[in-house]
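> Curious how this folds, go ahead:
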Amino acid sequence: MRKIAIWAAGGNKVGGGHATRMAALAKTVARTGVEVDFIVGADAAAILADRIRNTPLISIAIVPDFAEMADAVAAAGYEWVVIDDYAIGADQESRIRRAGSRVLAVDDLADRSHDCDILLDAMPYRQDSHYVGLVPKDAKLLIGLEYALVNAEFLELRAQSLARREVPKLGNVVATFGLSANIEGATRVLEAFVLSGIDARLTVIAGNERVADMLRSNAIGRSIEVRTALADPASVFADADLAILAPGVTTLEMCTLGVPMIQLTTSKHQFPLAGNMAQRSAAVTIESVQSLADRLLSFARNPALLARMSQAAAAAVDGKGTQRTAQRLLTGHCLAQ
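Numbering: from 1, shown residues only. Alright, predicted model coming up:
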């Protein structure tokens, strides 16, 4: 049986984006009958456990560091090793290739060298030229939103989600900041929602129970709900008329569903994606509680604005990037259109 290994970063400091997109790729690959072994640290394993639960042909092994992962790869002889971690570059990847495995490196910073066979960077502002001198000359580049890695569940709900937006409204707002303990950002959302006075429901997805408990103490009224882990995030997001989020992997999931977005940036790494989504008119970026409240009120009074943003978001990401990447990985060709 063909088999691949995956190393992904994950945890409170680096968030859950790396593990989330690797889970999406793993499930798509496993559906073709290829065995997928995650060999990762304990924090990433905890994130992955929820995302790949009961998926055949996928396993998780916990190792203390990347060096032990490389040892395991060398002993097992994997066809491919997929690496999604900002802390890993050419030196570590070379060790994998010397052991006989091919390497798919997933990046979105273009700030370090890679020794890889395939380089994937799905950021919309990225160009092939950004990796000149950073990857081997014969490496294949998978660049841009057509390779955005999102779970198949989002693609499955895309048509349904887009259809419900044909008559725009603002009745259901979802705010999510991933695994980050962004209490300040979530609190600002709660304050702005109350300040706006709009007739809508707000669901806040907290990174963990500690953050959720703190937010619940600030939640006012029956129209606000604070939740943590989502068993079916695609369905929850598809039912949202508007999302408030920190730019990242969730942005690409929302685009797949055509969900308009308000962005709250929490780090400099998010600025390029936030700017690109705003330029496409798929999202707006706000900074203050008052500006967020004003924007919510504007959308409630003129929901046609949401319709235009939805169309722009859906045009940005078609949800087939995971299929395209899996096909490149396993066949060398891309069949998904």
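> which ones are touching the residue nearest to the spatial centre of the chain?
Geometric centre of the chain, nearest residue: Val249, 1.9 Å, by C-alpha atoms, centre = their mean. By C-beta atoms under 8 Å, 6 or more residues apart in numbering, the contact set of Val249 is Gly16, Gly17, Thr20, Arg21, Leu149, Val150, Gly178. All C-beta atoms are positioned from the backbone trio N, CA, C, and that covers glycine.
> pLDDT and neighbour count added to these, as a markdown table?
Below are these laid out as a markdown table (pLDDT from 0 to 100; neighbours: other C-beta atoms under 10 Å):
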| residue | pLDDT | neighbour count |
| --- | --- | --- |
| Gly16 | 90 | 27 |
| Gly17 | 93 | 24 |
| Thr20 | 95 | 26 |
| Arg21 | 97 | 28 |
| Leu149 | 98 | 24 |
| Val150 | 97 | 28 |
| Gly178 | 74 | 17 |
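> The lowest-mean-pLDDT helix or strand in the chain: what's the following helix or strand?
In the chain, no helix or strand scores lower on mean pLDDT, DSSP states H and E than helix 209-216, which sits at a mean of 81. For helix 209-216, the following helix or strand on the C-terminal side (DSSP states H and E) is strand 224-227.
> what's in contact with that next one?
Leu190, Phe193, Arg201, Leu202, Thr203, Val204, Ile205, Ala206, Ala212, Leu215, Arg216, Ala219.
> Mind giving me the PyMOL select for these, buried ones only?
Applying 16 or more other C-beta atoms under 10 Å to these leaves a buried subset, and the PyMOL line that selects it is:
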select buried, resi 190+193+201+202+203+204+205+206+212+215+219
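> Need the residues that contact the least confident helix or strand of the chain.
By C-beta under 8 Å, 6+ apart, the surrounding residues in contact with helix 209-216 are Ala181, Asn182, Ile183, Ala186, Thr187, Leu190, Val204, Ala206, Val226, Arg227, Thr228.
> Counting only helices, which of those residues make the cut?
Ile183, Ala186, Thr187, Leu190 (DSSP state H).
> which of those has the most neighbours?
Greatest neighbour count in these, by other C-beta atoms under 10 Å, goes to Ala186: 26 neighbours.
> related to what we said a few turns ago, can you tell me how far the residue nearest to the centre of the chain is from His18?
8 Å (C-beta to C-beta, to the nearest Å).
> ok, now Pro247?
From Pro247 over to His18 the distance is 15 Å, taken as C-beta to C-beta.
> same check, this time on Gly41
Distance from Gly41 to His18, by C-beta to C-beta: 11 Å.
> Can you check the pLDDT for Ile244?
Turning to Ile244, the model gives it a pLDDT of 97.
> what kind of secondary structure is it in?
Assigned by DSSP: H, G, I helix; E, B strand; the rest coil, the conformation of Ile244 is strand.
> Rebuild the ones in helices among the contacts of helix 209-216 as TSV, extending it with distance to Ala26 and pLDDT.
Formatted as TSV, these follow (distance: C-beta to C-beta, whole Å; pLDDT from 0 to 100):
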residue	distance to Ala26	pLDDT
Ile183	31	76
Ala186	29	87
Thr187	35	87
Leu190	35	92
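> Find the pair from those residues with maximum spatial separation.
Ile183 and Leu190 (10.4 Å; C-beta to C-beta).
> For Gly41 and His18, indicate the residue with more neighbours.
His18 (25 against 20).
> you'd agree that one is up against Gly11?
No: look at His18 against Gly11 with C-beta atoms under 8 Å: they stay out of range, at 9.5 Å.
> Now do the shared contacts for the two.
Any residue near both His18 and Gly11 by C-beta under 8 Å, 6+ apart counts here, and that gives Ala44.
> Wait, Ala99 touches Ala70, no?
Yes: assessed by C-beta under 8 Å, Ala99 is found in contact with Ala70 at 7.2 Å.
> which of the two has more neighbours?
Using other C-beta under 10 Å, the more surrounded residue of Ala99 and Ala70 is Ala70, with 22 against 16.
> Please state the backbone phi and psi of that one?
Ala70 adopts backbone torsions of phi -60, psi -40, taken as degrees, to the nearest 10.
> I'd like the distance between it and Gly89.
13 Å.
> do Gly33 as well
According to C-beta to C-beta, Gly33 and Gly89 sit 32 Å apart.
> more crowded one of these two?
The neighbour comparison of Gly33 against Gly89 (other C-beta under 10 Å) goes to Gly89, with 19 against 11.
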